[in-house]
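Colleague: Need coordinates for the below:
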Amino acid sequence: MPAPDAITNDKLSKLIGTPKCPTILDVRRDPIRAEDPRLVPGARALTDADMAPETLDALIGELSGPIVVTCAEGHGRSQGLAALLRSRGIAAEYLEQGHDGWRAAGLPLVNAHAITRRDAAGRSLWVTRSRPKIDRIACPWLIRRFVDPRAVFLYVAPAEVASVAKTFGAMPFDIEDVFWSHRGELCSFDTMLEEFGLSTPALARLARIVRDADTARPDLAPEAPGLLAASLGLSRMYSDDLEQLEAGMALYDAFYRWCRDATEETHNWPTNRPGGAR
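Modeller: Residues are numbered from 1 along each chain as shown. Here you go, the predicted model:
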């Protein structure tokens, strides 16, 4: 049984990728993280400098709970910061067995080095074409749920993406001739899964739906027309791209949970028939 102030791998893994996921802080020491720079999905890496007393207090002032702290093995570093956060009135737990235990369990880890540009606050900064439909909502959803919950997205006129990327130090995505884009028959969502090292059955299933809806490939997933219809409807409901993104987050949350938890469930009428609604 875990300690009262600890969270297990199984419980945290069920929260990751959902709106209820806590803020995850990776506090491994710099030399230890250098040996394996990958992060628990959605985790924010705190350096040794961040953990110094003169900087830690200001950092804590920016945080709100719930928080999960992970160090190498779930010992003093993560337990100590979790306790300090609780002393400031912030709900916090430490990851039982730490990063090493998570990795040993074969749970997904994110290639943090794939992010090459961040703003002054340490948030990844991205830019793409305005008036998003599929990929340009799906990719931000993936990043915020599994890579960087604080990520910032800029939507600009197609002709200005390259200029904005250069001026503001943002990573362009889902346009031609950039790193984060379509590759052959794969769409930008697929590219991000590959580059971030994210490989789970649920994300693979979701990727097929996104790819089908984004590239008109009806042979891939029967659910894709539904995603396409909902996406096109959202694009007509919202004139502000960031408002559309926020609405789209809920759409992809629902598709992800179906991919992860509900693919075997059916619905029928009346509900008391075998195989009917549950």
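
Colleague: For Asp26, give me its contacts.
Modeller: By Cβ atoms under 8 Å, 6 or more residues apart in numbering, the residues touching Asp26 are 33, 39-40, 43-46, 70-71, 99. Where C-beta positions appear, they are placed from N, C-alpha and C, glycine not excepted.

Colleague: Go again with 7 Å.
Modeller: Shown in contact with Asp26 (Cβ atoms under 7 Å, 6 or more residues apart in numbering): 39-40, 43-46, 70, 99.

Colleague: For it, name its beta-bridge partners.
Modeller: Counting by DSSP bridges, Asp26 is bridged to Ala45, Thr70.

Colleague: per-residue pLDDT, it?
Modeller: Note for Asp26: predicted pLDDT of 98.

Colleague: And stretch 240-258, how far out from the chain middle?
Modeller: Computed by Cα atoms, centre = their mean, to the nearest Å, the chain-centroid distance of stretch 240-258 equals 13 Å.

Colleague: Next: stretch 78-94.
Modeller: Worked out by Cα atoms, centre = their mean, stretch 78-94 lies 23 Å from the chain centre.

Colleague: now stretch 192-208
Modeller: For stretch 192-208, the distance from its own C-alpha centre to the chain's C-alpha centre is 11 Å (Cα atoms, centre = their mean).

Colleague: now stretch 208-224
Modeller: With Cα atoms, centre = their mean, you get 21 Å for stretch 208-224.

Colleague: Please apply the same query to stretch 178-198.
Modeller: Mean C-alpha position of stretch 178-198 versus that of the full chain (Cα atoms, centre = their mean) differs by 15 Å.

Colleague: Which of the residues in that stretch are classified as buried?
Modeller: 178, 180-182, 186-193, 196, 198 (16 or more other Cβ atoms under 10 Å).

Colleague: Return the set of buried residues in stretch 250-266.
Modeller: 251-253, 255-256, 258-260.

Colleague: so can I have CSV of the buried residues of stretch 178-198 showing distance to Leu107 and secondary structure?
Modeller: Shown next, in CSV, are the buried residues of stretch 178-198 (distance: Cβ to Cβ, whole Å; DSSP: H, G, I helix; E, B strand; the rest coil):
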residue, distance to Leu107, secondary structure
Val178, 30, coil
Trp180, 25, strand
Ser181, 29, coil
His182, 29, coil
Leu186, 24, strand
Cys187, 26, coil
Ser188, 25, helix
Phe189, 21, helix
Asp190, 21, helix
Thr191, 22, helix
Met192, 19, helix
Leu193, 16, helix
Phe196, 14, helix
Leu198, 11, coil
